[in-house]
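*Asks:* Provide a 3D model corresponding to the input given below.
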Amino acid sequence: MEEQDWFRCKNWNANVEELFFSKLQRARTQRDQYLAIQALTLSQGHPDVALRLVEHYFSTKKSDFEDLRALLAKANALISKDLIAEAIETYKAILSLEKEKPNQRSRAFVDLPYLVATRQVVDEYPFALSVLEERSKDVVFPVDLFIWHASLSLILEATGERQAAATHAGKALDAAQVKKSGFRFHSKVGLVGVQYAQGVEEMRRIYKAAEREKGPRQRSTK
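*Replies:* Residues are numbered from 1 along each chain as shown. Below you'll find the predicted structure:
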């Protein structure tokens, strides 16, 4: 483990933990940041450790500057443990924090609705839709555009609005086809990656189903 990477460990055991906390104890101004970054790094591969680090962060933090990153680590870890209701509540806390501090931004405004839509958390559909509407102007990257439209598509299909769902599915598929982000020096940043392969397939299913449904009606009117 290189010196500069001691707070970005992807693997964890008793020895790594001992070394991490010994270095953390000696850290000064960036202590909270190191703790939050390490929790975020472990949030998917070692969710229990990440949650423990997040708890330690909130009980020992010197300021609230890293609260957003710590909460993102918590949300990711809860999703990894399939604790969806708790993850949604954590995302809500992140969105509330972003309202209080507009200079701090995350992708929670699309990640929460996408989680609600893909896990079919029906009781949270109204809230997810309100977030998508309220934060629509914050969509920047193609991946955010994909998630925004895909979330709408899945919720609309679940509520019986199939043609509207197909419209948004088509727009999500268009976003998934984008190969350059539009940023001159970071053309690959923010593209739809393989982690959304299942979501892309769902959008194709919704779009094709609506096209099949629409076809016979069109033919019958001729």
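
*Asks:* the strands in this protein, which residues?
*Replies:* Counting by DSSP state E, the chain forms no strands at all.

*Asks:* helices or strands up against the lowest-mean-pLDDT helix or strand in the chain?
*Replies:* Taking mean pLDDT, DSSP states H and E as the measure, the helix or strand of the chain with the lowest value is helix 197-220, at a mean of 82. If you count contacts as 3 or more CB pairs under 8 Å, 6 or more residues apart in numbering; DSSP states H and E, helix 197-220 packs onto helix 142-158, helix 162-176. From N, CA and C alone the C-beta is placed, and that goes for glycine too.

*Asks:* so which bits of that helix are buried?
*Replies:* Residues 199-200, 202-203, 206-207, 210 are the ones in helix 197-220 that count as buried (16 or more other CB atoms under 10 Å).

*Asks:* in TSV: the residues you listed, plus distance to residue 75.
*Replies:* Listed next are these as TSV, based on distance: CB to CB, whole Å:
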residue	distance to residue 75
199	18
200	23
202	22
203	24
206	26
207	30
210	32
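
*Asks:* measure residue 90 to residue 119 for me?
*Replies:* With distances defined as CB to CB, to the nearest Å, the gap from residue 90 to residue 119 amounts to 14 Å.

*Asks:* which of the two has more neighbours?
*Replies:* When neighbours are counted by other CB atoms under 10 Å, residue 90 comes out ahead of the other of residue 90 and residue 119, with 23 against 16.

*Asks:* spatially nearest residue to residue 77 (excluding sequence neighbours)?
*Replies:* Taking CB to CB, 6 or more residues apart in numbering, and ignoring the residues beside it in sequence, residue 77 has residue 47 as its nearest neighbour in space, at 3.7 Å.

*Asks:* brilliant, that's me finished.
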